[in-house]
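A.B. asks: here is my input, please return the structure:
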Amino acid sequence: MADYVGSSVTRLETKLLLQPVRIIRRGDAVSEDLYPARINFMLDENEIIRHITCG
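C.D. replies: Predicted coordinates for the structure are as follows:
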């Protein structure tokens, strides 16, 4: 997944991801629930993926 950092979110949207994911845009309200199998993609203001975490 690290190769997605620096990519446009449209690259992610064109991929079929078979696991739970969460797209987090700047300013989004995000719950603090921990779901270890989920991948979180944090986007910047230009819809570019800047960070990827699990949980």
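A.B. asks: every contact and neighbour count from this point should use C-alpha atoms.
C.D. replies: Fine.
A.B. asks: count of residues packed around the residue nearest to residue 54 when sequence neighbours are not counted?
C.D. replies: In space, and not counting its chain neighbours, residue 54 is closest to residue 39: 4.6 Å by CA to CA, 6 or more residues apart in numbering. Look at residue 39: counted by other CA atoms under 10 Å, it has 17 neighbours.
A.B. asks: could you report the pLDDT at residue 39?
C.D. replies: What the model reports as pLDDT for residue 39 is 87.
A.B. asks: ok, now the one 3 residues further on?
C.D. replies: Per-residue pLDDT puts residue 42 at 93.
A.B. asks: and the spatially most central residue of the chain, how far is that from residue 22?
C.D. replies: For the chain, the residue whose C-alpha lies nearest the mean C-alpha position (CA atoms, centre = their mean) is residue 41; its distance is 1.3 Å. Per CA to CA, to the nearest Å, residue 41 is found 6 Å from residue 22.
A.B. asks: now do the contacts for residue 30.
C.D. replies: Residue 30 makes contact with residue 24, according to CA atoms under 8 Å, 6 or more residues apart in numbering.
A.B. asks: chain center to the host helix or strand of residue 53: distance?
C.D. replies: Assigned by DSSP states H and E, residue 53 belongs to strand 49-54. Once both centres are worked out by CA atoms, centre = their mean, to the nearest Å, strand 49-54 turns out to sit 5 Å from its chain's centre.
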